[in-house]
Every structure is written in C-alpha cells, then in structure tokens.
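A.B. asks: what shape does this take:
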Amino acid sequence: MKVLFVCMGNICRSPTAQGVFEVLLEKEGLSDRVAVDSAGTGPWHVGKQPDSRAQEAAAKRGYRLDRQRARQVKVEDFSRFDLILPMDKDNLAELSKICPDSERHKVKLFLSYANDSDFLEVPDPYYGGQNGFELVLDLIEDAGSGLLRQIQQKLPK
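C.D. replies: All right, here's what the predicted structure looks like:
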C-alpha cells in the first residue's frame, strides 16, 4: 500500500504527516508493507527541507523530517498511490483539477481519519507562531492513528 500526504508547499503539514506516519508504521512493524511520501500542490519549495519550525516541533516528539525534500504533486501520483490525503479543502480542490476521474476515489481529506478532533482541516502553520506547529502535530497524530487502524484492517494478514 502507498500513501501520499499533500499540502500546499510540502514544507510544513504534509512532511510532518509523513514523518509521524512513518514512525507509527515502524512501531507496528508495517514499514515494509506501507510506503509513505508527501508532496505539495505548488512549486515554491521544491528541493527544500521542511520548515525549520516544523522540524523542531516534530523532533521534540521524536519525529525526523530532515531527510525529506519538498516536491510537487504529479499526475502520475494518482496511479502510483492508493491513498492521497490532502490537509485541507484548498489542496483537495487543487488535486481535483488534475486528478483523473478513475482515481478520484483515492483522494480524501486526511482529518477524515481523526478520532478526537472537531477540525475538518489541518490548518497551515506557516504564517503563525510555534503553537500552530504543535496543533498540527496533535491533529496529525490523531488522524494518523485512525488511518493506521483503517490500513491494518485492509492489509492481508
């Protein structure tokens, strides 16, 4: 199974989701069965590491983001990935513009997997303070655990 997390620039939310989900998969012994990646709908940060504030907040919780590099979503991603999970409705709309009709069933808001959240979207912390990155981590950890349960149910034993 292959999962792609998507935000706008691929330097805050989606790399955080990738880093968190990689740890969840490793803890469950599923790293060899589920591949994870992240991408952005825009080209602004291609090739760059995640935002230093995102890396710092993630590191405090035991997640590494420093090996990731931003990339932009490609049309081929829709056939390569089983799930494509945008962080918000704006990115969902951008994905919808390039998603082939036959692949639309794969695209779903990431927070639809959350267990304990009133949020429908992961807010973009880029222009805010450090607390925004902490909130993003809280939401991603919650939705990540829900996504993990869904995937575990679908994977053959």
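A.B. asks: of all the residues in the helix ranked longest in the chain, which ones are buried?
C.D. replies: In the chain, assigned by DSSP state H, the helix with the most residues is helix 130-154. For helix 130-154, burial by neighbour count (16 or more other Cβ atoms under 10 Å) applies to 132-133, 135-148, 151. C-beta coordinates here come from the backbone N, C-alpha and C atoms, glycine included.
A.B. asks: again, but for stretch 48-56
C.D. replies: Buried, per 16+ other Cβ under 10 Å, within stretch 48-56: 49, 50, 51, 53, 54, 55.
A.B. asks: ok, for the third one, nearest residue in space, not its chain neighbours?
C.D. replies: Going back to what we said before, that points to residue 51. residue 11 (4.7 Å; Cβ to Cβ, 6 or more residues apart in numbering).
A.B. asks: sec struct for that neighbour, please.
C.D. replies: Put simply, residue 11 is coil when judged by DSSP: H, G, I helix; E, B strand; the rest coil.
A.B. asks: in this structure, which spans are helices?
C.D. replies: 13-27, 52-60, 77-80, 89-98, 130-154.
A.B. asks: tally of neighbours for residue 127?
C.D. replies: When neighbours are defined as other Cβ atoms under 10 Å, residue 127 has 6 of them.
A.B. asks: kindly apply the preceding question to residue 120 instead.
C.D. replies: Residue 120: 11 surrounding residues under other Cβ under 10 Å.
A.B. asks: pull the contacting residues for it.
C.D. replies: 89, 109, 111 (Cβ atoms under 8 Å, 6 or more residues apart in numbering).
A.B. asks: quick one, what contacts the first one?
C.D. replies: In this case it means residue 89. Contacts for residue 89 were tallied using Cβ under 8 Å, 6+ apart; they are 109, 120, 121.
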